[in-house]
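1. Next one to model:
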Amino acid sequence: MPGGRLTQQERRQIAAGLADGLAYAEIARRLGRPTSTVTREVMRNGGPTGYRADLAHHAAERRARRRGPAAPRGAAPAPLPHGRDAEALREYEENFTAVLMASGLPKMLARVLVCLHTTDSGSLTASELVQRLQVSPASISKAIASLERYTLVRRERDENRRERYVVDNDLYYQSMMASARDIADQVEVIRHGVEVLGSGTPAALRLEKIARYLDYVGERFARAAEEARDLLYANPEGSPAEPSG
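-> Numbers count the residues shown, from 1 in each chain. A predicted model of the protein is given here:
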């Protein structure tokens, strides 16, 4: 039943699809499920090489039991801002996290980044992240340090001198340009390998082809990031302007 929880049989079909080397999109198509559902399911249960259907099903049942008990009478959770649906938001955060993990980001880094992106202010303190994610301060510190290296988060201090971790529009531009520089560095190293291996040799010819390809892609990648930068600041048509600051 698309949109509901995965059944044990569906999880076995996912495991069979992974064993056959099928892409997530193809497995999802056969199940009649969104690709993000399959991606999240696999990434939170051992990844494509460690996924086990029965273990994943038992883990899902344990999570459902932990979420199951009703809140104590008189202690109803505070409503989310803008009338958001708590269950839909939780589902979205899990999907977002799974997609980032599938792209190579470690789980804790993905969780922190998603938490920041789904906060209206775009910034949280270390203690706020600890409370939201229910992890140790050391885990948050390590994750932030790594995200800074990826140019995905920056630090600033608020009026109370508290350190805050921030995501904003320009960080995506800075991250894209950092990726373009990484490509340029690879081209330089690969072309040096052509000299070392001897121009005209099979290995050198292979490296030269790779260098030409990366040089072409990297140059256009950087140009596109620069040309599209204004899109990070222009509000979509019909949407309200972002608050200043």
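
2. what distance separates stretch 194-213 from the centre of its chain?
-> Distance of stretch 194-213 from the chain centroid (Cα atoms, centre = their mean, to the nearest Å) equals 35 Å.

3. And that stretch, what's buried?
-> 194, 197, 204, 207-208, 210-211 (16 or more other Cβ atoms under 10 Å). For glycine as for every other residue, the C-beta is placed from the backbone atoms N, C-alpha and C.

4. Next, format these as a markdown table and append distance to Val217 and secondary structure.
-> Formatted as a markdown table, those follow (distance: Cβ to Cβ, whole Å; DSSP: H, G, I helix; E, B strand; the rest coil):
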| residue | distance to Val217 | secondary structure |
| --- | --- | --- |
| Val194 | 18 | helix |
| Leu197 | 22 | helix |
| Ala204 | 20 | helix |
| Leu207 | 16 | helix |
| Glu208 | 15 | helix |
| Ile210 | 11 | helix |
| Ala211 | 11 | helix |
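
5. Show me where this protein has its helices.
-> For the chain, the helices defined by DSSP state H occupy 8-19, 24-31, 35-43, 47-50, 53-67, 86-102, 107-117, 126-133, 137-149, 169-197, 202-227.

6. on contacts alone, who are the packing partners of the second one?
-> Judged by 3 or more Cβ pairs under 8 Å, 6 or more residues apart in numbering; DSSP states H and E, helix 24-31 is in contact with helix 8-19, helix 35-43.

7. now do the longest one
-> In terms of contact count using 3+ Cβ pairs under 8 Å, 6+ apart, helix 169-197 is assigned the packing partners helix 202-227.

8. mind redoing it with 10 Å?
-> Under the contact criterion of 3 or more Cβ pairs under 10 Å, 6 or more residues apart in numbering; DSSP states H and E, helix 169-197 touches helix 137-149, strand 154-157, helix 202-227.

9. Now do it, average pLDDT.
-> Mean per-residue pLDDT for helix 169-197: 92.

10. try the first one
-> Model confidence over helix 8-19, given as mean pLDDT, is 93.

11. now the third one
-> Averaging pLDDT along helix 35-43 gives 86.

12. I'd like the distance from it to the chain centre, please.
-> 13 Å.

13. still on that earlier bit, switch the helices of the chain over to JSON lines; also include distance to Arg162.
-> Formatted as JSON lines, the helices of the chain follow (distance: least, Cβ to Cβ, whole Å):
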{"stretch": "helix 8-19", "distance to Arg162": "43"}
{"stretch": "helix 24-31", "distance to Arg162": "40"}
{"stretch": "helix 35-43", "distance to Arg162": "33"}
{"stretch": "helix 47-50", "distance to Arg162": "36"}
{"stretch": "helix 53-67", "distance to Arg162": "31"}
{"stretch": "helix 86-102", "distance to Arg162": "24"}
{"stretch": "helix 107-117", "distance to Arg162": "15"}
{"stretch": "helix 126-133", "distance to Arg162": "9"}
{"stretch": "helix 137-149", "distance to Arg162": "14"}
{"stretch": "helix 169-197", "distance to Arg162": "20"}
{"stretch": "helix 202-227", "distance to Arg162": "32"}
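
14. which residue sits farthest out from the middle of this protein?
-> In the chain, Gly200 marks the outermost C-alpha relative to the chain mean, sitting 41.6 Å out by Cα atoms, centre = their mean.

15. Roughly how far does the closest residue to Gly193 other than its chain neighbours sit from Ala184?
-> Leaving aside its chain neighbours, Gly193 sits nearest to Leu207 (4.9 Å; criterion: Cβ to Cβ, 6 or more residues apart in numbering). Separation of Leu207 from Ala184 (Cβ to Cβ, to the nearest Å): 16 Å.

16. Thanks again, I'm all set now.
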